[in-house]
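>>> pasting the sequence and the predicted coordinates here, then a few questions.
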Amino acid sequence: MGGAPTLRMPVNPAYTASWDSHTRRSPRSSEPGTDMFVPIGTPVYAPAAGVVYGYGSSIGPATGRWVGIDFDNGLRFRALHLSRVMRIGGRVKAGELIGYSGASGYGYEDWSKLRTMPAAHVHVTLWPSHLTRFGYKPDGRPWSVDFMRYVAKPAPAGPKPIKKEEDAMFPTILINEANKSGTFYLYDLRTQKVIRPITREENTAFRAAEKKGAAVFIIAKEADFKKAGGK
């Protein structure tokens, strides 16, 4: 279900980590979605009209605070890692405020301050029906679908988010592993420059975080990596 692309963007992200990249992790994400990187406190809007089917208020699980909507078009949506949930039930209109972005989860109120975690973002999951299914089908395909394929146009659902934090909200903690040598590098997504190779201890910490479901590694084309200063 779902038909032609009609969804609105819940936020206006500075950059994203794709649904496809979640399926290529090792191990693969149990809930493939799109990570939309925005400063903490950015308003999150409903991509379409529907009914709130559930929410989470605890920072204990990896999901952190979340809110989910069953859209009238038959799709199911949820937004993770929120700092605040504004709707816990009832009908919502397209473009209505449903929460504020954050970096909650894994037992932290704000894991973006940790060197072993990615920058603050909203993880957006979309399912093709009003049924939550984690993991992968017998044929290897995810139960979830790519949210971006259902977006009518790349514009925010509501007003342009207000940037409440400084540029430091986008720390140089994501890693680009496009080089063939197998060496990992810190990569600044703001300046698009390679900072330095990571230490053995940092590599261990990043790998451990990824195994827990953190969106740590971003794969880029080798040509782009070299253009940014990689060897």
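Received, thanks.
>>> can we go C-alpha only for contacts and neighbour counts from here?
Will do.
>>> Pro47 versus the closest residue to Ile59 other than its chain neighbours, what's the distance?
Distances taken as Cα to Cα, 6 or more residues apart in numbering place Gly105 nearest to Ile59, at 4.5 Å, with adjacent residues excluded. Per Cα to Cα, to the nearest Å, Gly105 is found 23 Å from Pro47.
>>> higher neighbour count, these two?
More crowded of Gly105 and Pro47, by other Cα atoms under 10 Å: Pro47, with 26 against 23.
>>> tell me how far the more buried one lies from Tyr106.
With Cα to Cα as the criterion, Pro47 and Tyr106 are 26 Å apart.
>>> for Arg149, same thing?
29 Å.
>>> same question, Leu75
Using Cα to Cα, Leu75 is found at 27 Å from Tyr106.
>>> rewinding a little: who does the residue nearest to Ile59 bridge with?
Counting by DSSP bridges, Gly105 is bridged to Tyr108.
>>> contacting residues around it?
58-65, 81, 111 (Cα atoms under 8 Å, 6 or more residues apart in numbering).
>>> and the gap between it and Leu82?
Applying Cα to Cα, the value for Gly105 to Leu82 is 9 Å.
>>> what do the two both touch?
By Cα under 8 Å, 6+ apart, Gly105 and Leu82 have these common neighbours: 64-65.
>>> in this protein, mark out all the helices, start to finish.
19-23, 200-211, 222-227 (DSSP state H).
>>> the first one packs against which elements?
In terms of contact count using 3 or more Cα pairs under 8 Å, 6 or more residues apart in numbering; DSSP states H and E, helix 19-23 is assigned the packing partners strand 34-37.
>>> I'd like the average pLDDT over the strand it packs on.
Strand 34-37 shows a mean pLDDT of 89.
>>> each with direction, which strands does that strand pair with?
If you go by DSSP bridges, strand 34-37 pairs up with strand 15-17 (antiparallel), strand 121-127 (antiparallel).
>>> among those strands, which is nearest Pro5?
Among the strands paired with strand 34-37, the nearest to Pro5 by Cα to Cα is strand 121-127 (12.9 Å).
>>> how near is Ser21 to Ser29?
Note on Ser21: its distance to Ser29, by Cα to Cα, is 9 Å.
>>> over to Arg65?
Plainly put, Arg65 is 18 Å away from Ser29 if you go by Cα to Cα.
>>> more neighbours, these two?
Legend: neighbour count by other Cα under 10 Å for Arg65 and Ser29, higher for Arg65 (27 against 23).
>>> local confidence estimate at that one?
So Arg65 comes in at 96 (pLDDT).
>>> check Ser112 too.
85.
>>> my guess is it contacts Tyr106. True?
No: between Ser112 and Tyr106 there is no contact under Cα atoms under 8 Å: 11.2 Å.
>>> if we can go back for a sec, and Arg25, which of the strands paired with strand 34-37 is closest to it?
strand 15-17 (11.7 Å).
>>> low-confidence stretches in this protein?
Within the chain, the stretches with pLDDT under 70 are 1-4, 26, 115-116, 153-199, 202-231.
>>> thanks again, I'm all set now.
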